[in-house]
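test case, fold it:
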Amino acid sequence: MSESRRFIKLVAYLRPYWRDTTLGIIALLIVNGLGAYIPLLIRACIDKFSVNFNYGEIIRYSILIILLSSSMWLMRMASRVWIFGVGRQVEYELKQKIFEHLLQLEPSYFATNTAGDLISRATSDVDNIRRLLGFVVLSFANSIFAFALTLPVMLSINVELTVAALSLYPIMFFVVVLFSERLRNEQTDVQENLSDVSNLIQEDISGISLIKIYAQEQNEHRAFGKQNQKLLKANLKLAKTRNILFPIIGGLVNISSLIIIWIGASRIGSSLDVGDFVALLIYIERLVFPTALLGFTITAYQRGEVSVDRVESIFNVEPKIKDESNAIRISRNEIKGELTAKNLTFAYPDSETLVLDKINFQIFPGETIAIVGAIGSGKSTLANCLPRLLDINEGELFLDGIDITKIALTDLRDAIAYVPQESFLFSTTIQNNIRYGDPLAEQQEVENVAELAQISSEIGTFPQQYNTLVGERGITLSGGQRQRTALARAMLVEAPVLILDDALSSVDNQTATQILKNLSSGTKRKTVVFITHQLSAAAAADRILVMEKGRIVQTGTQIELLQQPGLYRNLWSQHQVEELLH
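Numbering: from 1, shown residues only. Next up, the predicted model:
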């Protein structure tokens with residue numbers, strides 16, 4: 001991102017809080033105005049008392065200086081509250097926007113961007129932007145006012161001494177510019193290595209069971225140590241550059257003070273009064289802080305620049321799957337549950353291979369359809385197309401005769417309950433996991449769907465029953481228990497269409513068959529699309545669709561498909577042999 005675009009973004013961050021920012025800057029102007037006036041007051045006091053000493057006047061001047069200094073302190077504190085407060089507000093808003101934007105992106109984005117990196121951008125990088133809009137804005141404004149108000153006064157006192165003292169400042173700015181690009185690149189390395197470390201920690205914590213099963217603790221420890229070493233080297237490299245830059249700036253400031261003392265001391269009594277000399281020393285000291293702070297300001301600015309680029313790269317990703325301006329709104333109660341595919345074709349981005357190749361089918365309301373086929377035949381891709389988790393073409397997939405690309409996403413997904421292959425559970429109670437889609441559901445409703453999902457009897461054996469915590473990703477439950485809990489969650493929302501993408505793979509055939517019968521019973525039947533490798537359970541479906549290499553090659557009931565030669569009869573024969581072996 002160019003400097004100009006980056007600056008525009010920073011202004012955009014600040015625009016909603018321009019009042020607080022303006023108040024903070026005005027407060028800094030008052031602070032520096034008082035800072036420029038107090039040394040003049042001290043000069044007048046010294047010059048006056050060098051001629052005529054008076055205790056009453058000393059007390060009056062002292063009280064005045066204390067009052068002005070106290071006012072200066074209060075205004076400086078107010079400026080920090082206003083400007084740092086803006087930084088905190090921007091931090092809050094950015095985190096909200098990042099989270100909201102990530103929720104709008106399709107699942108394929110998270111397949112190519114790691115969770116650790118996204119977490120790092122939403123925390124560490126946003127924190128750097130907060131510092132940029134808080135500390136940097138305050139420091140930069142303070143430095144401008146300090147120099148703008150102090151330099152004219154110094155020049156009015158003694159031009160020669162002022163020029164001599166500030167003669168080293170151009171060298172200081174040249175050094176800063178020289179180190180600027182280097183600091184930015186090194187800061188980028190630090191942020192990227194920090195993201196890699198965050199990602200590795202996140203992956204290892206998520207896969208801790210697998211690490212222990214394969215006894216890979218030492219390998220993972222070495223891998224983490226290697227990545228952590230890269231972060232250490234990047235941080236040490238950045239620290240080395242900063243530790244070279246800051247002492248140079250500090251040394252040049254101290255030399256300026258020495259120049260004032262060396263030249264000024266020899267002029268006292270001739271062309272320079274004691275009061276003028278003291279005032280110049282105070283002014284030089286006043287410029288030490290904003291000048292010495294310049295190094296920290298530059299570092300914070302470089303960090304902020306890198307972080308702005310990293311955060312904005314998230315916002316620059318437009319959701320591929322989004323509502324059109326004239327999206328059709330339809331309530332769940334109006335949907336019957338008819339699904340139709342007309343030459344549905346799909347290929348993943350950057351791939352020419354068709355995963356779905358001219359798929360055609362019609363599923364009637366309340367019908368239970370099983371989809372079977374070998375691994376890689378396109379079953380899960382088809383399941384992801386139905387709730388538009390994948391970006392499909394217009395006019396190829398319909399719900400109740402309406403093109404699903406024309407239906408508002410919230411309404412479409414409200415009408416379709418989807419249980420994916422990996423049943424994700426939140427680290428909360430079983431009850432809260434089941435009623436995730438309907439947080440206000442009554443306990444009796446939760447128990448009813450748990451009964452239909454064949455999980456209620458097992459929940460009854462848990463110590464806290466429905467209030468039992470399941471741990472992160474449901475780690476305290478078995479695979480079958482996680483799948484049935486996820487199924488109960490989908491059943492609770494009363495969506496007219498239910499998609500089960502191999503969602504009962506960890507459940508035995510008898511239980512899976514019973515669950516399908518529960519779904520097919522009752523007066524208010526759902527349209528169920530059941531993707532499975534369990535042919536015994538598939539046999540209970542109204543119809544079976546057989547997929548091979550992205551195409552539907554057979555359609556019919558269990559009896560019809562067994563009576564005709566083809567893929568399904570071969571799969572059934574293999575299934576029967578496996579059943580005998582077990």
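
in the helix or strand where Lys48 lies, what's buried?
If you go by DSSP states H and E, Lys48 is part of helix 18-49. Within helix 18-49, the residues that qualify as buried are 20-21, 23-25, 27-32, 34-36, 38-40, 42-43, 45-46, counting by 16 or more other Cβ atoms under 10 Å. All C-beta spots, glycine's among them, are computed from the backbone N, C-alpha and C.

from the chain's centroid, how far away is the host helix or strand of Ile263?
Element membership of Ile263, judged by DSSP H and E, is helix 217-267. Relative to its chain's centre, helix 217-267 lies at 30 Å (Cα atoms, centre = their mean, to the nearest Å).

helices or strands up against it?
If contacts are counted by 3 or more Cβ pairs under 8 Å, 6 or more residues apart in numbering; DSSP states H and E, helix 217-267 sits against helix 159-166, helix 169-206, helix 274-315.

now these as JSON lines including mean neighbour count and mean pLDDT?
Converted to JSON lines, the helices and strands packed on helix 217-267 look like this (neighbours: other Cβ atoms under 10 Å; pLDDT from 0 to 100):
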{"stretch": "helix 159-166", "mean neighbour count": "17", "mean pLDDT": "80"}
{"stretch": "helix 169-206", "mean neighbour count": "17", "mean pLDDT": "75"}
{"stretch": "helix 274-315", "mean neighbour count": "20", "mean pLDDT": "76"}
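
out of the ones you listed, flag the one nearest Phe398.
Evaluated over those, closeness to Phe398 peaks at helix 274-315, with 33.4 Å, by Cβ to Cβ.

ok now stretch 328-346, how far from the chain's centre?
Worked out by Cα atoms, centre = their mean, stretch 328-346 lies 33 Å from the chain centre.

got it, and stretch 147-161?
The answer for stretch 147-161 is 48 Å, by Cα atoms, centre = their mean.

quick one: buried residues of it?
147, 149-150, 153-154, 157-158, 161.

between which two of those residues is the distance greatest?
Pairwise distances across the buried residues of stretch 147-161 (Cβ to Cβ) peak at 18.0 Å, for the pair Leu149 and Leu161.

hmm, back to that, quick one: list the elements packing against the next helix or strand after the helix holding Lys48.
Remark: after helix 18-49, the chain's next helix or strand is helix 55-104, criterion DSSP H and E. Helices and strands touching helix 55-104, by 3+ Cβ pairs under 8 Å, 6+ apart, are helix 3-14, helix 18-49, helix 126-131, helix 137-157, helix 274-315.

tabulate the ones you listed in TSV, adding columns for distance to Gln510.
TSV is the format used below for the helices and strands packed on helix 55-104 (distance: least, Cβ to Cβ, whole Å):
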stretch	distance to Gln510
helix 3-14	59
helix 18-49	66
helix 126-131	51
helix 137-157	67
helix 274-315	47
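
surely Lys336 touches Ile402?
No: using Cβ atoms under 8 Å, Lys336 is not in contact with Ile402; the gap is 11.0 Å.

element containing Leu500, please.
strand 497-501.

ok and the helix holding Ile263 relative to helix 137-157, angle-wise?
Here helix 217-267 points in a direction 10 degrees away from that of helix 137-157 (axes from the mean of the first three to the mean of the last three Cα atoms, to 10 degrees).

quick one, helix 217-267 and helix 159-166 angle?
With the same axes, to 10 degrees applied, the angle from helix 217-267 to helix 159-166 works out at 160 degrees.

ok, Thr557 - contacts?
542-544 (Cβ atoms under 8 Å, 6 or more residues apart in numbering).

quick one: which of those residues has the most company?
Using other Cβ atoms under 10 Å as the neighbour test, those are led by Ile544, with 22 neighbours.

pull out the buried residues from stretch 398-406.
Buried residues in stretch 398-406, counted by 16+ other Cβ under 10 Å: 398-400, 403-406.

spatially central residue in the chain, please.
Ala122 (3.5 Å; Cα atoms, centre = their mean).

before we move on, back to that, can you add pLDDT and secondary structure and give the buried residues of stretch 398-406 back as TSV?
Below are the buried residues of stretch 398-406 laid out as TSV (pLDDT from 0 to 100; DSSP: H, G, I helix; E, B strand; the rest coil):
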residue	pLDDT	secondary structure
Phe398	89	strand
Leu399	87	strand
Asp400	85	coil
Asp403	87	strand
Ile404	85	coil
Thr405	85	coil
Lys406	87	coil
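
which pair in those has the greatest spatial separation?
The largest distance within these, taken as Cβ to Cβ, falls between Asp400 and Thr405 and amounts to 14.2 Å.

I figured Ala538 hits Val529, correct?
No: counting by Cβ under 8 Å, Ala538 stays clear of Val529, with 11.7 Å between them.
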